[in-house]
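Peer 1: need a structure here:
(3 chains, ligands or ions: 3)
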Amino acid sequence: MIRKSRVLVAGTAVLALALTAACGGNDDSNGNETTTKAEFNAALTKVFNPSDKKGGTIRMANAGDWDTLDPGETYYGYSWDFLRLYGRSLVMFKPAPGKGSNELVPDLAESLGTPSDGGKTWTYKIRKGVKYEDGTEVKAADVKYAVLRSTDKETFPNGPAYFEAFLNLPDGYKGPYKSKGMNTDQAISTPDDYTIVFHLKQAFGGFDYMAQLSQTVPVPEAKDTGAKYKEHVISSGPYMFDQNNLGKNFSLKRNPNWDASTDPNRKALPDRYEVALNVNADDIDNRLISGDLDVDVVGTGVQPAALGRVVGDPALKAQTDNPVLARLWYTSINPTVAPLDNIECRKAVLYAEDRTGYQTAYGGPLAGGDIATTLLPPAIPGYQKFDLYPAGPDNKGDLAKAKEALTKCGQPNGFATNMAYRAERPKEKATAEALQQSLARVGIKLTLKPYPQGDYFSAYAGNPPFVVKNKLGLLTNGWGADWNDGFGFLSQMVDSRVIRETGGSSNTSVRIPEVDTMLDQAIVETDADKRNAMWGAIDKRVMEEAVIMPGIDAKSLMIRPKNLTNVFISEAYGMYDYLSLGVA
Amino acid sequence: MITYIIRRLFAAVVLLFIVSAVTFAIFYLVPRLAGATPETLATRYVGRAATPETVSLIAHKLGFYDPIWVQYGRWIKGIFVGADYNLGASVDHCPAPCFGYSFITREPVWPDLVDRLPVTLSLAVGASILWAVFGVSIGAVSALRRGSLLDRTAMGFSLAGVSLPIFFTGMIGLLVFSYTLKWTAVGGSYTPFTQNPADWFYSLLLPWIVLALQFSAQYARLTRAGMLETMGEDYIRTARAKGLPERAVTTRHGLRAALTPILTIFGLDVGLLLGGAVLTETVFSLPGLGKYAIDAITNNDLPKVLGVTLMAAFFVIIANLIVDLLYAVVDPRVRLG
Amino acid sequence: MASDAFLEVRDLRISFPTDDGLVRSVDGLTFTLERGKTLGIVGESGSGKSVTSLGILGLHNRRNAEVSGEIWLDGQELVGASPDTVRGLRGNKMAMIFQDPLSSMHPYYTVGAQIVEAYRVHNRVSKQVARKHAIDMLGRVGIPQPDRRVDDYPHQFSGGMRQRAMIAMALVNDPELLIADEPTTALDVTVQAQILDLMHSLQEEFDSALIIITHDLGVVAELSDDVLVMYGGKCVEYGPATTIFEQPEHPYTWGLLGSMPRMDRPNLDRLSPIPGLPPSMINLPSGCAFHPRCAYEPRTGGLATTLTPELVPAAGGRHLVRCHLPAQERRRIWTDEVKPELEA
Ligand SMILES: Nc1ncnc2c1ncn2[C@@H]1O[C@H](COP(=O)(O)OP(=O)(O)OP(=O)(O)O)[C@@H](O)[C@H]1O
Ligand code: SF4
Ligand SMILES: [Mg+2]
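Peer 2: Ligands and ions are numbered 1, 2, ... in the order given. Here you go, the predicted structure:
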C-alpha cells in the first residue's frame, strides 16, 4: 500500500486503521461526566465544555486527500467517524466519551440485530420516517442495494470486503451493475420496506459490528452514479453536501429533511462543516494551536514539530488529549527458527526484554504509547489485564528468570539469532537496536536485518520459507483492527490458517491449533459477554506460548479544539467524536 | 519568423511525445525489471482488504496485462479521440484531450489540470512580478551604491534569502503574519479570482511574498553583478559624455543591458514555476499543479504524473520559445533563423 | 584668476587611490587652446592622455578619482563647478569621440535613437524634430541614405560608418570643444584618412576647438596647430606643431619621431622604437621619469636620476621642454645627432 494518504493516516503500513481506540482502561464512565477545566486529557473520558447551543461552523482540515466520501468504499476510521454526519448505518458506535463509545446502538435500525439460525441469519427493523435530503423515505431495499453495490470490487476496490466474504451471495455475483437483475434474496432479503434480513454462509456472532460499517448507509439506486457517487452522496443524516471540490475542500449544510425524532443519537449543533483537503500537516498544527482551525480530521495526532512545542509548554499541554489506540506494536518470536522452537528460549527473550527501551523507541509515553503486556489493547472489549512475564518493578526485564529459562532451554550462555525490521521505519530500527542491547545482557546475540517495507510481508518477514532460511527469529510487527472487537483485532493476528507458504500474512509466529479452534467458537457466539470472555482467553493462551512479545499500545497526542463544545474522545474511533461537537 | 515559430512548435510536440514515452517507460519498465507483475502493480490501487481476485480485476481494468506499447498507444489515443471509462453504474466518456483517469481517485486527469492551472498561474505571475520589481531594483541600487551600507545590508539579506528554504520562510511567515499578527490569510485559504478578487489577493499575498523573497534574493544578486559589469562598458561612458543625467544613464543604458540576460532566466523560471511551485504550494496548501504533482508521484498515480509532467514540460518549452522570441526583440543583434 | 583663453587647463592633477598606492595619472598639466585651433596630445600608452580628456569632460567618478587644478572653458571653471553644471555642458558645449565605436555605442538602440537622445538632452524638441536633425547629421558625416540607416543598429554599420556615426553624435549639438580620443586607431588606413579629413572639415565648418589624442605623430602633424607630448602623466614638451616637428628638444619626442612610420619613407626597417617599457604609474622613476630609457641621461651629470626637471621655455616663444640638458646642448644634439639620423 503505497498511497500517500494511507501512509499519512496510519503512519504505518500495517493497516493500522485508526478505527480503534482505548483509554488506559482505568475509567468505566459511561458518558455522563462533564468538565470545563482545560487540562491535559480533559476530553479523554469526560465531555469537555458541554453545551446544547446550536449554530456556527466547524472548520476541519485533512493533511491528505479523503480516501473517498462514498459510504460504500471509504475505509478509514476518521472517515467513518465523520460519515455519520451525512449517513446513517443500521447500527453505530454510541457517541459517548471513554468506554461508553464501544457500545453498539441502533441508528437506522430500531434495535440491534436479531440473530436466528444460530447466528447465520440477522434481521433488522428499519425506523419509519427517515428521509433523504430530497425528502424521499429510506427503505430497506436502499440498504440492501448499498451493501450489494459495495461488493463490486472493480468499481470500489478500496472498500472493506467483509460482506462479500460472509454473505451467502449467488455464485458468480458481481454486484448490481454487472449482475443486473440477478436474484440476491439468498444473501439479503427485504420482506417489507422496513425489514432487512442478512443470510450468512456461516454463523457470525458479532454481525452487529458489520452492520455498523458505512457500507450499510442507504444509497437510493436511482441516484447511484457508481464511481462518481462520491461527488454527490445523497444524505440520510442531519447534514448534506453543500459544495464538494474533490481533492480540495467540501462543506456540509443542514439537511432540511432530517427529523430529530427518528434519531436519538445526534445532537446536530453546528449549522455548517467546512473541510479543507491536502493541507500542510505542520500548518494544521499551527492553526489548531492558534484557534484558526478546529479539528485535524484525520485524528492521528500532532507532527513532531508541534510535539516538541507541546512538551515544552504547560499551557499548550493543557490543550491536548492523549488517548491510547487499539493498535499494538509488537515483535513476533518465530518458533520455526531454532533454538526458538524451544519454548524456554522464547521465554528467555521475553524475560530479558527491557520494556522501557521498546517504549522509548516509539517516542515515549506521550507520542509513542503505553507498555503492553497482552495482545488485546485495553480498548477492546474482553481485554484482561495480565502479565505472564513480569519485567521487574522498573520494567527493565528480569534477567534472573531469563537466565533460568536459558538454562532450561539448554543454552545457558545464550544463543544467536536474527531480527528483521522495516528499513524505512526509524522506530522499528530503534526497537530492534533496543532489543539487541537488552538481550545481549543474557548472552542472546541479535543480528539486525532491515528489509524494504513494500515487500516486508510478501517476500521477507511474512514469507515462512524465507524466515526459516534466513533464521529470522524475531521480527518487528504491528496490528490494528477495523473495529474495537476481539474478532476484528485477533483473527488476522493469531489464526494459523492465514499463514500462506507464498507469504503475505502478518501473522508469522502463531501456529497453535487450539487457538484456531477457540477462534472458531468465539466467532459464532452470539452472546457478546460470552464472546468477549473468549477473546481474553485466546489472548492468554497465545501469550503462554511466548510467540509474541507485546511492545506498546499506541497513543496519539491531539490538540483539543479551542472554540468548540461537547468535545470528547471516542474510544471506538481513537479520536474526537465528530457527531456531537458544537460551536461555543 | 513565422516559419521559425512553426518549426519550434513542431519540435515542441515531438519533445512532448518523448517526455510522455519516457515517463511511461519509467513507470512500467523499471518495476518490471525489478520483477513486478501486473498484479503487484495493481496492489497499489486496491484497498488493504483486497483479495487476489480484486487485484487481478483491477489489473485488468487498468490494462496492466497488455504490453507496454499497447498501453501507451491507448493513452495517446485518448488524447486525440477521447476515452471511455466504466463507472459501474454507467460509462463515462472523457472527451479529447483525455489524459486518462486517475488510478487512485478515478477522476479524469485533464479537468483537474485545467482546474489547478489558475492557482499555479496566479502564484507564479504574482510572485514573478514582485521579485522582478524588487529583486531588480534592489540589485540595481546595490550595484550603484557598491560598498555602501545599503549594498551590504541588501546583499546580506539576499544571501539569507537564497539559502533559506521555503519550508522555513513559509512556516515562519504563516506563524508571524497569519497566526500571530493576523495580517495575511492562513494556509489553505485559496479563493479563485473569479469568485472574489479581493479574497484571491489576500489569500495569495503571503505565498507571493515568500516565493518572491527567494527569487528576489537571487535576482538582486544577478542584477547587481550584471549592473556592475555593464556600468563599466564603453557605451555607458558615451552616454555620460552626451550629458545624460545619471538616472538615465543607469536605467536606460546600464539596466537595459544588464536586464537582457536576466530576462532569459526570468522566462525559464516562470516557465518552471508554471509546472508547479511545489514547495510553496505544499507549505501554503495551495491546490496548484505542484501539489498535484507531488501527490501524484507519492501515490504512483501514473495518469496524473503523465498529465502534470506534460503540462510542466509544455510550459518550459513554451517559456523557452517566448524567451528566444523576446530575446530577438530586446537584443537587435540576435536574429532568429 | 579667470582665463581669457577659450580653453585653459591649469596645473591639472588627476589621481586614483588604489590598493597598491596612489596612481598619479595626470600630474600638473597646463595648456591653452583657442577656438578653431587643434591641439594634438601624444604619448605612449598609459601616459595619461585619456584620463586628461575625461577629466576635461568631468567624466571621472568623484568617488574614486581625485581631481585638482583648474579647467576654464569659455570663462567658466569646471573642476570646482557642480556636477550638474558640467553635465549641462557635456555633449553640448564640449563633446567627445571615443576610440572604439563598436563598444562605445549601445548595442540595443538604433544609431538614430542614440543621436536623438544626445540631441534631446540639451534641446527641448519633439522626437520627430530630433530625428530629422539626426538624419541631417548622418548625411553631413557622409553616411549614404541616412534616412534609412538612421534606424539601423550599430552592429549593422561597418567600422568606418560607425565612427562617422559617433562623430555625428558628438557634433549633433554643435560643440565648441571637441575631444577625439584616438578616433582612428580601430580603423584601417584608408578609412583613417577619410575620418581625419572629415573631422578637419567639420572643425572648420563649426569653428570649434579640437583636441586630438593619438599615439600617431603623423596624425598630429597633419591636423594640429599645437602639440603636447606626455610622459608618465606629465607634459614633457609643448609648443606649436611646426616647432615640435622642426626643432624638438626633448629626448622622448625624438624617440617618438624616430618610431614614427612615414608615408614618404616606405623602408619600415628604419623604424626604431624607444627602448624599454613605459613606466609604472605607481612607481614612477625618481627624478626625470624618462631617465631609465634615455640615452642622454649620462650627459646630465646624474641630475636626472634624483631631481625632477621643470618645464622651461625653449628656443621659440611658446615652446616648453622638461629636461635637465642645457638648452644649447639639446639643440645641438637634435641638429647634429638625431635629425641626420632620422633623415638618413
Ligand atoms: N579609474 C582608474 N583607476 C586607476 N588607474 C587608472 C584609472 N584610469 C586610468 N588609470 C591609470 O592611469 C594611467 C593613464 O591612463 P590613460 O587611460 O590616460 O592612458 P592613455 O595615455 O590614454 O593610454 P592609451 O594610449 O593606452 O589609451 C594608466 O596607467 C591607467 O592604468
Ligand atoms: S632629463 Fe635627463 S633623462 Fe630626462 S629626458 Fe632629459 S636627458 Fe633624458
Ligand atoms: Mg587612452
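Peer 1: contacting residues for the closest residue to ligand 1 within the stretch 51-200 of chain C?
Peer 2: Here the residue of the stretch 51-200 of chain C nearest ligand 1 is residue C:51; by C-beta to the nearest ligand atom that distance is 3.5 Å. (C-beta placed from N, C-alpha, C; glycine too.) With C-beta atoms under 8 Å, 6 or more residues apart in numbering or on different chains as the criterion, the residues that contact residue C:51 are C:14, C:25, C:26, C:60, C:233.
Peer 1: What average pLDDT does stretch A:247-259 get?
Peer 2: Stretch A:247-259 shows a mean pLDDT of 95.
Peer 1: Kindly report the same for stretch B:200-207.
Peer 2: 94.
Peer 1: which residues touch it?
Peer 2: Contacts to stretch B:200-207, defined as C-beta under 8 Å, 6+ apart, come from residues B:122-123, B:126-127, B:170, B:173-174, B:177-178, B:184-185, B:189-193, B:280, B:283-284, B:286.
Peer 1: Can you list the strands that the host helix or strand of residue C:67 pairs with?
Peer 2: Assigned by DSSP states H and E, residue C:67 belongs to strand C:66-73. With DSSP bridges as the test, strand C:66-73 is paired with strand C:7-18 (antiparallel), strand C:76-77 (antiparallel).
Peer 1: Highest mean neighbour count out of those?
Peer 2: Comparing the strands paired with strand C:66-73 by mean neighbour count (mean count of other C-beta atoms under 10 Å in any protein chain shown), strand C:7-18 ranks first with a mean of 18.
Peer 1: List buried residues within the contacts of stretch B:200-207.
Peer 2: B:122-123, B:126-127, B:170, B:173-174, B:177-178, B:184-185, B:189-191, B:280, B:283-284, B:286 (16 or more other C-beta atoms under 10 Å in any protein chain shown).
Peer 1: Helices - which of the residues you listed land there?
Peer 2: Using DSSP state H, the subset of the buried ones among the contacts of stretch B:200-207 located in helices is B:122, B:123, B:126, B:127, B:170, B:173, B:280, B:283.
Peer 1: And for stretch C:67-84, what's in contact with it?
Peer 2: When contacts are defined by C-beta under 8 Å, 6+ apart, stretch C:67-84 is touched by residues C:2-3, C:5-14, C:28-29, C:55-56, C:58, C:60, C:62, C:85-86, C:89, C:93-94, C:176-177.
Peer 1: swap the cut-off to 6 Å and go again
Peer 2: Stretch C:67-84 is contacted from outside by C:3, C:6-14, C:55-56, C:60, C:86, using C-beta atoms under 6 Å, 6 or more residues apart in numbering or on different chains.
Peer 1: swap in stretch C:12-19?
Peer 2: Here stretch C:12-19 has contacts from C:22-29, C:51, C:55, C:65-69, using C-beta under 6 Å, 6+ apart.
Peer 1: Residue C:29 is in contact with residue C:10, correct?
Peer 2: No. Using C-beta atoms under 6 Å, residue C:10 is not in contact with residue C:29, being 8.7 Å away.
Peer 1: which helix is the longest one in chain A?
Peer 2: Assignment by DSSP H gives helix A:528-544 as the longest helix of chain A.
Peer 1: just how off-centre is that helix within its chain?
Peer 2: Relative to the mean C-alpha coordinate of its chain, helix A:528-544 is positioned 19 Å out (C-alpha atoms, centre = their mean, to the nearest Å).
Peer 1: Pull out the buried positions in that helix.
Peer 2: In helix A:528-544, counting by 16+ other C-beta under 10 Å, buried: A:528, A:531, A:532, A:533, A:534, A:535, A:536, A:537, A:538, A:539, A:542, A:543.
Peer 1: Distance of the residue nearest to the third one when sequence neighbours are not counted relative to residue A:424?
Peer 2: What it means is residue A:532. Distance criterion C-beta to C-beta, 6 or more residues apart in numbering or on different chains; nearest residue to residue A:532, sequence neighbours excluded, is residue A:382 at 3.4 Å. The gap separating residue A:382 from residue A:424 is 34 Å, by C-beta to C-beta, to the nearest Å.
Peer 1: In terms of neighbours, single out the busier of those two.
Peer 2: Neighbours were counted for residue A:382 and for residue A:424 using other C-beta atoms under 10 Å in any protein chain shown; residue A:382 has more, 23 against 15.
Peer 1: Let me know whether that one touches residue A:536 as I believe.
Peer 2: Yes. Assessed by C-beta under 6 Å, residue A:382 is found in contact with residue A:536 at 4.6 Å.
Peer 1: In chain C, what residue lies closest to chain A?
Peer 2: Residue nearest to chain A within chain C: residue C:108 (44.5 Å; C-beta to the nearest C-beta).
Peer 1: Next, count neighbours for that residue.
Peer 2: By other C-beta under 10 Å, the residues close to residue C:108 number 20.
Peer 1: Secondary structure element holding it?
Peer 2: Per DSSP H and E, there is no helix or strand for residue C:108.
Peer 1: ok, it - contacts?
Peer 2: Contacts of residue C:108 were listed using C-beta under 6 Å, 6+ apart, and they are residue B:256.
Peer 1: the strands in chain C, which residues?
Peer 2: C:7-18, C:21-33, C:38-42, C:66-73, C:76-77, C:94-97, C:177-181, C:209-214, C:226-231, C:234-240, C:312-313, C:320-321 (DSSP state E).
Peer 1: can you redo those as JSON lines with mean pLDDT and distance to residue A:374?
Peer 2: Converted to JSON lines, those look like this (pLDDT from 0 to 100; distance: least, C-beta to C-beta, whole Å):
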{"stretch": "strand C:7-18", "mean pLDDT": "95", "distance to residue A:374": "84"}
{"stretch": "strand C:21-33", "mean pLDDT": "93", "distance to residue A:374": "87"}
{"stretch": "strand C:38-42", "mean pLDDT": "95", "distance to residue A:374": "104"}
{"stretch": "strand C:66-73", "mean pLDDT": "95", "distance to residue A:374": "90"}
{"stretch": "strand C:76-77", "mean pLDDT": "94", "distance to residue A:374": "103"}
{"stretch": "strand C:94-97", "mean pLDDT": "94", "distance to residue A:374": "96"}
{"stretch": "strand C:177-181", "mean pLDDT": "93", "distance to residue A:374": "97"}
{"stretch": "strand C:209-214", "mean pLDDT": "93", "distance to residue A:374": "100"}
{"stretch": "strand C:226-231", "mean pLDDT": "95", "distance to residue A:374": "102"}
{"stretch": "strand C:234-240", "mean pLDDT": "95", "distance to residue A:374": "103"}
{"stretch": "strand C:312-313", "mean pLDDT": "90", "distance to residue A:374": "116"}
{"stretch": "strand C:320-321", "mean pLDDT": "94", "distance to residue A:374": "114"}
